[in-house]
Every structure is written in structure tokens, then in C-alpha cells.
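Participant: How does the following fold in three dimensions:
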Amino acid sequence: MCDWLESRGSNQLFMVPYISAHIGHIEQMHHTLMAKAHTMHIYTKCPTNLWDEFYITAGHLQDKTMTHSLDGTTPWQKWYERQPDYSYMQEVSCRVLVLIQNKHNPKVYERSIDCILIGYDKDSKTYRCYYQETKKVYSSCHIQFLESCDGHSPLPPEASDVQGFANP
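Facilitator: Numbers count the residues shown, from 1 in each chain. All right, here's what the predicted structure looks like:
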């Protein structure tokens with residue numbers, strides 16, 4: 001096991017159980033992830049029972065963020081030995097339309113629901129979206145990002161934008 005870990009750039013250290021003083025770097029990372037999750041929670045204005053979704057998203061983003069301790073590479077890049085893909089990433093809290101994939105959904109009914117992006121699925125390349133009306137979290141790759149929105153509602157048009165004149 002030790003040889004395999006070393007070939008991947010890791011090593012195994014055993015600690016005294018139930019004492020966090022020996023694992024300061026782990027505690028520091030936990031506090032960093034909690035602060036990021038807390039920030040996402042405040043920004044999205046979602047219920048507190050979604051803290052785990054934000055914590056997982058914070059860990060996902062941390063894995064793809066360059067660190068000084070790895071000489072400017074990301075943990076993901078160090079583990080998989082290739083560049084991470086950032087093309088799928090969107091701002092957490094942006095509004096998205098999630099396609100309803102139900103074969104019994106007639107064309108006269110709504111085909112999508114208006115959700116808030118809260119993160120990325122850890123097991124697949126899907127987005128995690130929160131639907132406020134039913135308080136459910138959907139995991140889907142069939143979504144449309146609403147670029148003209150601030151995260152919760154459409155931006156109101158300014159009088160100067162509509163008429164093409166600046167306000168005095």
C-alpha cells in the first residue's frame with residue numbers, strides 16, 4: 001500500500017486517535033471548505049439543510065484550484081496527471097432551467113423547471129440544482145443556464161437600457 005501511495009505522490013501517516021492537534025492541516029482544510037460552503041449558502045439564499053451540497057461543491061472547486069504547496073498545480077492535476085477541464089463550470093447560484101425528462105409529460109405541460117445551481121455531482125458530470133417550490137435537489141445534465149439573471153430573478157431592465165439614453 002505504501003509503494004502505491006508513494007507512486008501517486010502521497011504517503012500514509014498514522015495519528016493518535018481522537019486528538020485533532022496532530023492533524024492541523026486537515027482541520028485547516030475543513031475550516032476552509034466550511035467557509036466556502038457558508039459563503040455559497042449565503043449567496044444562494046437556500047435553506048440550511050443544503051449545507052452538505054455546498055460542502056461537496058467547495059471540495060470539488062478546491063480540487064481544481066491551484067495551490068502553492070503543489071508548485072502551482074491543482075490536486076486534481078497531481079492525482080490524474082493531466083489538466084482539469086473547467087469548461088463545464090458555472091457560477092453557483094445562477095438560475096437554470098432543468099429539463100423534465102418524463103415520457104408521460106404531454107406537450108401542453110411545462111417541459112422544464114426554474115432552479116438554482118448549487119453544485120456539481122461527485123459521481124457523474126451532472127449539475128446539482130435546487131427547485132425552491134418543491135424543495136428538491138435535481139441532478140441533471142440537461143439544463144439551460146439563464147445568463148441574464150442574477151441568481152434568483154431576472155434583472156429588471158433599466159430605463160436607460162430600454163430607451164438607449166443615459167439617466168441625467
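
Participant: quick one: low-confidence ranges for this structure?
Facilitator: Where the chain drops to pLDDT under 70, the residues are 18-23, 103-109, 147-168.

Participant: In space, not sequence, find me the middle residue of it.
Facilitator: Geometric centre of the chain, nearest residue: G119, 2.8 Å, by C-alpha atoms, centre = their mean.

Participant: So that residue, which state does it fall into?
Facilitator: Under DSSP: H, G, I helix; E, B strand; the rest coil, G119 falls in the strand class.

Participant: Pairing partners for it in the sheet, please.
Facilitator: Taking DSSP bridges as the rule, G119 bridges to R128.

Participant: isn't it right next to T57, touching?
Facilitator: Yes: counting by C-beta atoms under 8 Å, G119 does reach T57; the two are 3.3 Å apart. For the C-beta atoms, the positions are set from N, CA and C on the backbone; glycine is no exception.

Participant: Between those two, which contacts overlap?
Facilitator: Shared contacts of G119 and T57, defined by C-beta atoms under 8 Å, 6 or more residues apart in numbering, are found at 92, 128.

Participant: quick one: stretch 68-81 to chain centroid distance?
Facilitator: Relative to its chain's centre, stretch 68-81 lies at 20 Å (C-alpha atoms, centre = their mean, to the nearest Å).
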